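K.L.:
sharing a model that was predicted from the sequence below.
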Amino acid sequence: MSQSAPRPFVWSEADAYLFDIDGTLLNTRDGIHYCAFRNALRTLFGIEGSIDGVPVHGNTDLGILRAVLARAGVAGEEFERRLPELTHHMCDEVRRNAADIRVELCPSIGELLEWLQQRGKLMGVVSGNLEAIGWAKLEAAGLRRYFAFGSFSDRREQREAIFSHGIAAARRHLGSQATVCIFGDTPSDIAAARAVGAPIIAVATGIFAPDQLSPLGPTMCVGCCTELLHHNK
C-alpha cells in the first residue's frame, strides 16, 4: 500500500509563531546593548571586552559573554559564579537607557504581526538576548503588545534550548498538539529549529542572504516578510 505524499507546508496554518528578535523582527541602530556588555565586563572583571572574532549573529548573550571571558582567561567556574551579577549589570544599564534605544523594523513586520493577531494566532519571542534587554527592544519598537510570552538566554545558553522552551510555553497555552512555527534569520536559527523538530521560516533581513540560508534546509526561505503577506493576498 503506497504512502500518501507529505502535506505541503502552508506557513499561515500554524497555531503559534515564535520570533527571533535581532535581524528577524528588528535591527537596533544604537550602541546601548553593546555598551552594557562592555561596561559590565569592565566593572566586574576589569577587562576591556571585545567581541572581535566571537560569532555574534545567531549566538546568545550568555554564549558571547562566556567566549569573551574565556579568551581573557576567566575560568568556567568563575564565569558561572559571577553570571547573575554580570547579567544584572547589563540589564540594569539597558533599562536605564531604554529611552535612547533606536530600532528599525524589518520589512513588513508590523503588518505581519497585525495580520497574525487578527487571526487569533498566539505569538511569542525566542531570542538570544537577556530577557530584560529583549523586551526593552520590543517596547522601543512598539511590538511588545503582540507577544504573550518569551524565551530568552538568561537561563538557556544554547539556542536549541531557547526554542524548545518557547515551544513548550506555546503548547501550555494551546495544548500539546498545537503546531508551532519559528521565524529566524541565521544559520543557528535553522539548525536549532531542525534540532527541536519545528518548521522554520528563514528571513534574510539580518546579515545572511537567501542564498546563504536556503541551502541549510529551512522549511521556507524568504527575502523578507513582505513575500509572506503577498502569498495570502
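P.N.:
Structure's in. What do you need? Owing to the predicted nature of the structure, the values given are computational and were not obtained by experimental measurement.

K.L.:
low pLDDT regions in the chain?
P.N.:
Applying pLDDT under 70 to the chain flags the ranges 1-6, 231-233.

K.L.:
got the contact list for the longest helix along it?
P.N.:
Longest helix of the chain, by residue count under DSSP state H: helix 76-96. Contact with helix 76-96 is made by 32-33, 35-37, 39-41, 43-45, 61-62, 65-66, 69-70, 101, 130-133, 136, 154, as judged by Cβ atoms under 8 Å, 6 or more residues apart in numbering. From N, CA and C alone the C-beta is placed, and that goes for glycine too.

K.L.:
what's near enough to touch residue 101?
P.N.:
28, 30, 32, 94, 136, 137, 140.

K.L.:
now intersect the residues you listed with the helices, please.
P.N.:
Short answer: those in helices (DSSP H) are 32, 94, 136, 137, 140.

K.L.:
what number of residues lie near the last one?
P.N.:
Pointing back at residue 140 there. Per other Cβ atoms under 10 Å, the neighbour tally for residue 140 reads 19.

K.L.:
same thing with the one 10 residues further on?
P.N.:
Other residues within reach of residue 150 by the criterion other Cβ under 10 Å amount to 22.

K.L.:
secondary structure element holding the spatially closest residue to it that is not a sequence neighbour?
P.N.:
Leaving aside its chain neighbours, residue 150 sits nearest to residue 125 (3.8 Å; criterion: Cβ to Cβ, 6 or more residues apart in numbering). Counting by DSSP states H and E, the element that carries residue 125 is strand 122-126.

K.L.:
check which helices and strands that strand sits against.
P.N.:
strand 16-19, helix 109-118, strand 149-151, helix 159-174 (3 or more Cβ pairs under 8 Å, 6 or more residues apart in numbering; DSSP states H and E).

K.L.:
between those, which gets nearest to residue 222?
P.N.:
When the helices and strands packed on strand 122-126 are compared by Cβ to Cβ, helix 109-118 sits nearest residue 222, at 10.8 Å.

K.L.:
can you show me the CA trace of that closest one as PDB?
P.N.:
Extracted C-alpha coordinates of helix 109-118, given in PDB (Å, rounded to 0.1, in the frame of the first residue of the first chain):
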ATOM      1  CA  ILE A 109       7.000  43.100  10.300                       C
ATOM      2  CA  GLY A 110       4.300  45.400  11.700                       C
ATOM      3  CA  GLU A 111       1.900  44.200   9.000                       C
ATOM      4  CA  LEU A 112       2.700  40.600   9.600                       C
ATOM      5  CA  LEU A 113       2.200  40.700  13.300                       C
ATOM      6  CA  GLU A 114      -1.100  42.600  12.900                       C
ATOM      7  CA  TRP A 115      -2.200  40.000  10.300                       C
ATOM      8  CA  LEU A 116      -1.400  37.100  12.700                       C
ATOM      9  CA  GLN A 117      -3.000  38.800  15.700                       C
ATOM     10  CA  GLN A 118      -6.300  39.500  13.800                       C
END
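
K.L.:
buried residues in it, which are they?
P.N.:
Neighbour-count burial for helix 109-118 flags 109, 110, 112, 113, 115, 116 (criterion: 16 or more other Cβ atoms under 10 Å).

K.L.:
surely the fifth one is in contact with residue 230?
P.N.:
No - at 11.6 Å, residue 115 does not count as touching residue 230 under the criterion of Cβ atoms under 8 Å.
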